[in-house]
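Participant: predicted coordinates and the sequence they were generated for:
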Amino acid sequence: MKPQSTPSPARRLLAFFGPYRKRLILGLIAIVVANVCAMGMIWLVGDVVRAISPPQSTSLTEELAQRGAQQLLPSSAPSSIPPMSKHARNWLLVITCLQILGLGIVRAGFSFVGVYFGNYAALNAVRDLRNRMYEHLQRLSVSFFDRERTGHLMSRVITDTTLVQSILFTQLFTIVATPVAAAVGLAFMLKLSWQLTLVSMVLFPLAAFAMTKAGRKIRVLTTQVQAKIGELSSVLQETVGGIRTVKSLGTEDFEVQKFMLKSGETTRFGLRSSRIEALLRPLVELVAVFGFVAVLWFGGSQAIRGPMKAADLITFALFIQRLGTDANRLSGVNIVLQQLAAVSERIFSFLALKPEIVDRPDAVPLQIVGGEVAFENVSFSYNGREQVLDDVSFSIAPGERLALVGPSGVGKTTIASLILRLYDATSGAVKIDGHDLRDVTLPSLREAITVVPQEPVLFSGTIAQNIAYGRFDAPRETIVAAATAANAHGFILAFPQGYDTPVGERGVTLSGGQRQRIAIARAILRNPRILILDEATSSLDAQSEAAVQQALENLMQGRTTLIIAHRLSTVRNADRILVLDKGKLAESGTHDSLMSVDGVYKRLYTIQEKGYNHI
């Protein structure tokens, strides 16, 4: 049995049209009919030329009229029909013009149907693709975001899908309808003169070869351009996100130069692609001109000698001109198809990424009884080389307040990440109430845990919406109760719009203490069994810290709490303090017991006290 081949990225992209295939097919049929009508109009223009030609020339319509007249005449009547009169030819001209007008109206109607339904299918398919990419982004593990730059991810989800939308929106019908229209035109040309058709087609293989070669190069360059756009997006995102640092350090000119450098690289790759496109289109047009001249010369010679009528030559010339336009359009289609192939590869290489942290097939929902957290001989490394944690073992009893302290970079935040199972331990096990976290479902685990970070993240929306983030159906009275417990109700009511006050991007309209109390209210509303406070008050002033500390006291009541702290003065009242040093558990005890020995904790505490006394 042969293994099934993986569909190409372009074919996988077309699968997103599945839910809209009826409208897409209808739109494509309509646009093909519209293009066929256009070819019919060219043919009828030929009939107009025949109608106004000298009387000895006979149009197709006139021939049919003459044959009908012959059948009505008596058998003794002469077999030849005299040329049509000037009056009859005028009527023939009027009728043919009305036929062209009718075809034009039909073509306009079918064009509307085709464009509308085709664009409906394209826009909805790209929307589904963009939604799929964003959903996939949300499912990826934190380790992926550690490696990737935000700008690159924005480029994948927004820029790449926008390019797909642009290509499909503008080129969808050209991709399908132009070849069909060209085939119909070619059939008309063969009907007029197969010899002239061969003459006109002799140089088109050269154009096809040029389009193929150019398309391959365009595909490579498109991939490079999209990558450069991702780098440019990263620079923009970093600068905007750190604009206060940029302003405070006066590095605006440096950032401008960095952006201009990346922008220039993007432009250079884009110009390479544009140069190929600019060369290809005139080349195809030149081939069409050579074919047109060859038709005029060869067909004109035949018209002079008599085998071809002048009206047929003019009609044929109109078809060859239209065919040249279609060929030029197809050269553009070939370019955008290669661009589509390149961006499709980027999109589906992203969608092929697998999250590293997933539920096992036999995972069960976590049922917390007490809320005990245990680390059993846990080691962890981010890159597989340097150990962040080395054989760490400890437990937090249900309802206990355990503080985790130590120098920067010893793995304090890593421990919090392992409890949330943002990463899996390299060796050993992390357990809650005796359940290995790898054996329980991720939603049930994260339902039981809430983190209050040093820099709380607020989202665009109102204060109420941010408190209810993760509990979107919470009634207003529950939100107010949570805010009251977090010492936030007073300052919220001080705003003119109260709980409906917009917080701005990342909560910029609120102070640090206000943002922290909103985050605490969010945690209270979630009502977790296990709480992690990650430097929750380290960036606050004394007045804000006092308000937040009271809110934290309300939050910690009856919950298993892990307090990660840099300022050791904030953990003096913890039930127990663990000291990490160089990835290992160095000391354990209360504040008083740790201060009674000359260890890591005492040295850190003494250094901090001296530092604060000098302020």
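Facilitator: Perfect, thanks for sending it.

Participant: in the stretch 351-500 of the chain, where is pLDDT below threshold?
Facilitator: Within the stretch 351-500 of the chain, not a single segment meets pLDDT under 70.

Participant: all strands for this structure, in order.
Facilitator: Shown for the chain, the strands assigned by DSSP state E span residues 373-380, 389-396, 401-405, 427-432, 435-436, 449-452, 530-534, 560-564, 576-581, 584-589.

Participant: what does the second one rub up against?
Facilitator: Here strand 389-396 makes contact (CB atoms under 8 Å, 6 or more residues apart in numbering) with 372-380, 402, 411, 414-415, 418, 425, 428, 560-562, 578, 580, 582-585, 588. Using the backbone N, CA and C atoms, a C-beta is placed for each residue, glycine as well.

Participant: what's the answer for the shortest one, then?
Facilitator: Residues from elsewhere that reach strand 435-436 (CB under 8 Å, 6+ apart): 366, 429-430.

Participant: now with 7 Å, please.
Facilitator: Around strand 435-436, the neighbours that count as contacts under CB atoms under 7 Å, 6 or more residues apart in numbering are 366, 429.

Participant: repeat that for the fourth one.
Facilitator: By CB under 7 Å, 6+ apart, the surrounding residues in contact with strand 427-432 are 366, 368, 372-379, 418-419, 436-437.

Participant: tell me the most packed of those, by neighbour count.
Facilitator: Among those, residue 373 has the most neighbours (other CB atoms under 10 Å), with 25 neighbours.

Participant: I'd guessed it sits against residue 560; true?
Facilitator: Yes: the pair formed by residue 373 and residue 560 meets the contact definition of CB atoms under 7 Å, at 6.2 Å.

Participant: shared neighbours, the two?
Facilitator: Shared contacts of residue 373 and residue 560, defined by CB under 7 Å, 6+ apart, are found at 396, 530.

Participant: could you export stretch 523-540 as CSV, CA atoms only?
Facilitator: Provided in CSV are the C-alpha atoms of stretch 523-540 (Å, rounded to 0.1, in the frame of the first residue of the first chain):
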residue,chain,number,x,y,z
ALA,A,523,-8.2,36.4,40.7
ILE,A,524,-10.8,36.7,43.4
LEU,A,525,-13.6,36.3,40.8
ARG,A,526,-11.9,33.1,39.5
ASN,A,527,-11.9,31.7,43.0
PRO,A,528,-8.9,29.4,42.5
ARG,A,529,-7.8,26.7,45.0
ILE,A,530,-4.1,27.5,44.3
LEU,A,531,-2.7,31.0,44.1
ILE,A,532,0.7,32.1,42.7
LEU,A,533,1.8,35.7,43.5
ASP,A,534,4.8,36.5,41.2
GLU,A,535,6.5,39.6,42.6
ALA,A,536,2.9,41.1,42.9
THR,A,537,4.0,44.2,44.8
SER,A,538,7.6,44.7,43.8
SER,A,539,7.0,47.6,41.4
LEU,A,540,4.6,49.6,43.6
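
Participant: circling back: reformat the strands of the chain into CSV and put distance to residue 105 next to each item.
Facilitator: As requested, the strands of the chain are exported to CSV (distance: least, CB to CB, whole Å):
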stretch, distance to residue 105
strand 373-380, 72
strand 389-396, 76
strand 401-405, 78
strand 427-432, 73
strand 435-436, 73
strand 449-452, 66
strand 530-534, 70
strand 560-564, 74
strand 576-581, 80
strand 584-589, 84
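
Participant: indicate which one of these is closest to residue 136.
Facilitator: Proximity to residue 136 (CB to CB) singles out strand 449-452 among those, at 24.0 Å.

Participant: residue 453 against residue 533, yeah?
Facilitator: No: judged on CB under 7 Å, residue 453 makes no contact with residue 533 at a distance of 8.6 Å.

Participant: between those two, which one's more packed in?
Facilitator: residue 533 (27 against 16).

Participant: and that one, how far is that from residue 416?
Facilitator: Spatial separation of residue 533 from residue 416 under the definition CB to CB, to the nearest Å is 9 Å.

Participant: list the residues that contact both of these two?
Facilitator: Overlap between the contact sets of residue 533 and residue 416, as judged by CB under 7 Å, 6+ apart, is given by residue 564.

Participant: residue 352 and residue 362, how far apart?
Facilitator: Using CB to CB, which is the criterion applied here, residue 352 is 25 Å from residue 362.

Participant: who has more neighbours, the two?
Facilitator: Each of residue 352 and residue 362 had its neighbours counted (other CB under 10 Å), and the higher figure belongs to residue 352 (10 against 6).

Participant: list the contacts for the more buried one?
Facilitator: When contacts are counted by CB under 7 Å, 6+ apart, residue 352 is found next to no other residue.

Participant: do the one 5 residues further on as well
Facilitator: By CB under 7 Å, 6+ apart, the contact set of residue 357 is 141, 421-424.

Participant: try residue 17
Facilitator: Here residue 17 is in contact with 24, 121, 125 (CB under 7 Å, 6+ apart).

Participant: tally of neighbours for the residue lying closest to residue 125 once chain neighbours are set aside?
Facilitator: For residue 125, ignoring the flanking residues on the chain, the nearest one in space by CB to CB, 6 or more residues apart in numbering is residue 16 at 4.2 Å. Neighbours of residue 16 under the rule other CB under 10 Å: 19.

Participant: now do residue 16 against residue 126, distance only.
Facilitator: Residue 16 sits at a distance of 8 Å from residue 126 (criterion: CB to CB).

Participant: residue 583 now?
Facilitator: Remark: distance between residue 583 and residue 126 (CB to CB) = 47 Å.

Participant: surely residue 137 and residue 154 touch.
Facilitator: No: with contact defined as CB under 7 Å, residue 137 and residue 154 do not form a contacting pair (10.1 Å).

Participant: which residue, neighbours along the chain excluded, lies closest to residue 558?
Facilitator: Nearest-residue entry for residue 558: residue 399, 6.1 Å, with adjacent residues in sequence omitted and distances by CB to CB, 6+ apart.

Participant: what's around that neighbour, how many residues?
Facilitator: Residue 399 - counted by other CB under 10 Å - has 16 other residues nearby.

Participant: the chain - how does it break down into domains?
Facilitator: According to automatic domain parsing, the chain comprises the domains 9-72+83-351, 364-448+531-615, 460-527.

Participant: I'd like the ones you listed as JSON lines, with distance to residue 358 appended.
Facilitator: Putting the domains of the chain into JSON lines (distance: least, CB to CB, whole Å) gives the following:
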{"stretch": "domain 9-72+83-351", "distance to residue 358": "8"}
{"stretch": "domain 364-448+531-615", "distance to residue 358": "8"}
{"stretch": "domain 460-527", "distance to residue 358": "21"}
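
Participant: for the ones you listed, which has the smallest mean pLDDT value?
Facilitator: Among the domains of the chain, domain 9-72+83-351 carries the lowest mean pLDDT, at a mean of 73.
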